[in-house]
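Peer 1: Model the structure of this input:
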Amino acid sequence: MTTTAPPTWRYADSYEFMSHTKAGLPPVIICCACNGGIQGRESNPAIPETADEIADSVYDAYVAGASIVHVHARNPNQLWRPETTAEGWWKVNAKIRERCPDIIINNTTGGGPDMTNEERLSCLDGGPEMASLNTSPDMSRFRLKERKAPLPHPHDAIEYDECLPQSYGYINALAVAMKTRNIKPEIEVYHPGGLHTVNDLIANGHLSKPYWIQTVMGSMTASYPTPENVINMLREFPPEALWLTSGIGPFQLPITTLAILMGGHVRVGLEDNIYFAKGRLAASNAELVSRAARLSHELNREVATPSQAREMLGMSLVPSRY
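Peer 2: Okay, the predicted model is just below:
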């Protein structure tokens, strides 16, 4: 690395911000959330669904500057539904690794609608190096668009109104399951209350430093995606945390730009936002990653290589093998 600022610091501290900006902010880690577990090609033809489509899309994002990929494997027999087997996850991860030798592979435990907790855990036995760890219940209401032929596995429009339940016990058990498998948690915080859970996990010894904490801004029942809310959450972060942020829909660009300015790291991709500009669908995950990389360079920050990201995150420098 060419910068002298440490990878972890108090992001909301004005004096630290000025000091680290003078010294040179650390490289930006770009995470590509490539597809999600809800929308598919009926919403944007660029959303990858099959294992081969995911690997191809991730490769292009990797070339554009992504050092982490956040993946939702899909059920190959019903592509609009999530994968629920370790074997299916293993296949997707292996194809990504074949195309991207050193990218950090991050699997979701959030999954998609109508999944059991056991099904959500199937990804952990698919060989990821990182996995998402939600810190609070997640309530949502949305309409899944009609999926028309010739897309495979068509369906009518579907209305969802659901809550993903979470408890302290379940979240702690999930953290333990990751730790025993040497999987780095991507700790997802949707609102300030989630930081109670983070502190509970730390007190119980279930997290290793540096903590990788994502502020998820703008999803349903998350904090509103405003600079004020981002900064207020950062004030409550535990010491020795690395900050990642995502913004949902039209808030992806302003929220991630704020993070680049403040020394944080960014998540972009078709899971969170299917548009590149108002009224214009994103052409690919790579297009969204390329913009984040370009903004980082314009704001005098390097884009982290996978090796640099691994070093900052305290992860093995040797990528997973399948």
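Peer 1: Report the mean confidence score over the helix or strand hosting residue 290.
Peer 2: When elements are assigned from DSSP states H and E, residue 290 belongs to helix 285-298. Computed over helix 285-298, the mean pLDDT rounds to 98.
Peer 1: now swap in stretch 264-276 and tell me
Peer 2: Here the average pLDDT along stretch 264-276 is 98.
Peer 1: Return that stretch as CSV; C-alpha atoms alone will do.
Peer 2: Output of stretch 264-276 as CSV, limited to C-alpha atoms (Å, rounded to 0.1, in the frame of the first residue of the first chain):
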residue,chain,number,x,y,z
GLY,A,264,-14.9,3.9,3.9
HIS,A,265,-15.5,1.1,1.5
VAL,A,266,-18.4,0.5,-1.0
ARG,A,267,-20.8,-2.1,-2.1
VAL,A,268,-22.3,-1.7,-5.6
GLY,A,269,-24.1,-4.0,-8.0
LEU,A,270,-27.3,-5.3,-9.4
GLU,A,271,-28.6,-6.7,-6.2
ASP,A,272,-29.1,-3.3,-4.7
ASN,A,273,-29.7,-1.1,-7.8
ILE,A,274,-30.7,-2.2,-11.3
TYR,A,275,-30.2,1.3,-12.8
PHE,A,276,-27.1,3.2,-13.9
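Peer 1: Helices of this structure, start to end?
Peer 2: 14-23, 51-64, 86-99, 117-120, 168-180, 194-203, 227-235, 252-262, 285-298, 306-313 (DSSP state H).
Peer 1: on contacts alone, who are the packing partners of the last one?
Peer 2: Under the contact criterion of 3 or more C-beta pairs under 8 Å, 6 or more residues apart in numbering; DSSP states H and E, the helices and strands touching helix 306-313 comprise strand 104-107. Backbone N, C-alpha and C define where each C-beta goes, glycine included.
Peer 1: In terms of secondary structure, what does the strand it packs on contact?
Peer 2: Using 3+ C-beta pairs under 8 Å, 6+ apart, strand 104-107 sits against strand 68-71, helix 86-99, strand 130-134, helix 306-313.
Peer 1: Buried residues of the longest one, list them for me.
Peer 2: This points to helix 86-99. Neighbour counts using 16 or more other C-beta atoms under 10 Å place 88-97, 99 of helix 86-99 among the buried residues.
Peer 1: what's the closest of those to residue 69?
Peer 2: Closest approach between these and residue 69, by C-beta to C-beta: residue 96, at 6.4 Å.
Peer 1: Serialize the helices of the chain to TSV and add fields for distance to residue 142.
Peer 2: Formatted as TSV, the helices of the chain follow (distance: least, C-beta to C-beta, whole Å):
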stretch	distance to residue 142
helix 14-23	36
helix 51-64	22
helix 86-99	24
helix 117-120	19
helix 168-180	24
helix 194-203	21
helix 227-235	22
helix 252-262	17
helix 285-298	21
helix 306-313	32
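Peer 1: closest to residue 322 out of these?
Peer 2: Closest to residue 322 of the helices of the chain, according to C-beta to C-beta: helix 86-99, at 3.7 Å.
Peer 1: can you tell me which residues contact the residue nearest to residue 80 when sequence neighbours are not counted?
Peer 2: The shortest distance from residue 80 to any non-neighbouring residue, by C-beta to C-beta, 6 or more residues apart in numbering, is to residue 40 (5.0 Å). Shown in contact with residue 40 (C-beta atoms under 8 Å, 6 or more residues apart in numbering): 47, 49, 74, 79-80, 147, 151.
Peer 1: Quick check on these: which are buried?
Peer 2: Using 16+ other C-beta under 10 Å, the buried ones in these are 47, 49, 74, 79-80, 147.
Peer 1: which of those lies closest to residue 301?
Peer 2: Nearest to residue 301 out of the buried ones among the contacts of residue 40 is residue 47 (C-beta to C-beta; 28.5 Å).
Peer 1: so what's that closest one up against?
Peer 2: 35-36, 39-41, 270, 274.
Peer 1: Now the contacts of residue 40 in a markdown table, please, with extra columns for pLDDT.
Peer 2: Putting the contacts of residue 40 into a markdown table (pLDDT from 0 to 100) gives the following:
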| residue | pLDDT |
| --- | --- |
| 47 | 98 |
| 49 | 98 |
| 74 | 97 |
| 79 | 96 |
| 80 | 94 |
| 147 | 97 |
| 151 | 97 |
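Peer 1: what would these look like in JSON lines with distance to residue 131?
Peer 2: Below are those laid out as JSON lines (distance: C-beta to C-beta, whole Å):
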{"residue": "47", "distance to residue 131": "21"}
{"residue": "49", "distance to residue 131": "20"}
{"residue": "74", "distance to residue 131": "17"}
{"residue": "79", "distance to residue 131": "22"}
{"residue": "80", "distance to residue 131": "22"}
{"residue": "147", "distance to residue 131": "28"}
{"residue": "151", "distance to residue 131": "29"}
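Peer 1: for these, which one is nearest residue 282?
Peer 2: Nearest to residue 282 among the contacts of residue 40, counting by C-beta to C-beta, is residue 47 at 9.4 Å.
Peer 1: which of the buried ones among the contacts of residue 40 lies closest to residue 28?
Peer 2: Lowest distance from residue 28 to these (C-beta to C-beta) belongs to residue 47, with 24.2 Å.
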